[in-house]
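Novice: 3D, please:
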Amino acid sequence: MIFFDIDGTVIDHASASAEASLNFFDRFSGAIPFKRDEFPAAWEEILNKHFKRFCRGEISLWDQRRARMREVFGAPELSDEEADSRYRAFIGEYESRTRAYDDAAPCLDALAGERLGIISNGARDQQIGKLKRAGLFRYFSVLVFSEDVGLGKPHHSIFLAASNQAGEDPARCIHVGDDLTADVMGSQALGIEAVWLDRHAIFECPIPVPRITALSELGNVLGRKPRSSRSA
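Specialist: Have a look, this model is predicted:
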């Protein structure tokens, strides 16, 4: 069974988030205490900060969204209703911009005959929506999300839930993802074979793991693996 991460792996989250954050900034002009050109980076930092709290099981999915809005606006007094409204304003901008990477569908087509799955820290409905809009949903037979498990990557429970749902021993599974901590170290801790997708090729991998810079290289990596480590 070959599992894939979604954001940064098959879906270009970074571009969509940066573009959407600027539109969001303009919509609330004067209410956000950041400079416009600095806001996309600040937005992503705040997003990751609170989303990781959700993945660790510290707060709910909606509570992390509200925490993001309150920090973005520097307004801890924002009511839940107003924070939710502002979150929905952003997500409308974001979802309309999510696209598959150009190498995603060709890679998945080349894996015809393999069982493919998804392990994602994102919210189920939102992530499935991305896959459907990008035309990628049809490739995957097993989909497991942090929202389902209560904990996200790198916690072993989400990887275990995915392998159990697939009916496979973790040692017979592969996970492809772009995040060294969440995807690579998380899957390796359970005995799943990891492949690191380093799209930016900005530094050498500090741990022993197959490393690719595009999904077009994945076939070469999988072709060198012994058949016993792959789904029969």
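Novice: you'd agree V144 is in a helix?
Specialist: No: with DSSP: H, G, I helix; E, B strand; the rest coil as the criterion, V144 is strand rather than part of a helix.
Novice: could you number the chain from 15 rather than 1 from now on?
Specialist: With the count now opening at 15, the last piece we talked about shows up as V158.
Novice: not counting sequence-adjacent ones, nearest residue to it?
Specialist: Excluding the flanking residues, the one nearest V158 by CB to CB, 6 or more residues apart in numbering is A176, at 4.1 Å. In this view, the C-beta of every residue, glycine as well, is placed from N, C-alpha and C.
Novice: mind checking the SS state of the residue of the chain most remote from its centre?
Specialist: Note on the chain: the largest C-alpha distance from the chain mean falls to G44, namely 30.9 Å (CA atoms, centre = their mean). Counting by three-state DSSP, the backbone at G44 sits in coil.
Novice: that one and F87: what is the separation?
Specialist: Distance of G44 to F87, given as CB to CB, to the nearest Å: 11 Å.
Novice: check E95 too.
Specialist: The gap separating E95 from F87 is 14 Å, by CB to CB.
Novice: pLDDT averaged over whichever helix or strand S29 is part of, what's the number?
Specialist: S29 belongs to helix 27-41 when elements are defined using DSSP states H and E. Averaged across helix 27-41, the pLDDT comes to 97.
Novice: tell me the first helix or strand C-terminal of that helix.
Specialist: helix 53-69.
Novice: who touches that following helix?
Specialist: 28, 31-32, 35-36, 38-39, 46, 48, 73-75, 77-79, 81-82, 85-86, 135, 160, 165-167, 169, 196 (CB atoms under 8 Å, 6 or more residues apart in numbering).
Novice: the strand or helix carrying I133: partners in the sheet, and parallel or antiparallel?
Specialist: Using DSSP H and E, I133 sits within strand 130-134. If you go by DSSP bridges, strand 130-134 pairs up with strand 16-18 (parallel), strand 156-159 (parallel).
Novice: how about low-confidence regions in the chain?
Specialist: Low-confidence segments of the chain, defined by pLDDT under 70: 217, 238-246.
Novice: mind giving me the domain split of this protein?
Specialist: 16-26+113-243, 27-109 (automatic domain parsing).
Novice: out of those, which is the most enclosed?
Specialist: Comparing the domains of the chain by mean neighbour count (mean count of other CB atoms under 10 Å), domain 16-26+113-243 comes out on top with a mean of 18.
Novice: need the strands for this protein, in chain order.
Specialist: 16-18, 130-134, 156-159, 188-191, 207-211, 225-226 (DSSP state E).
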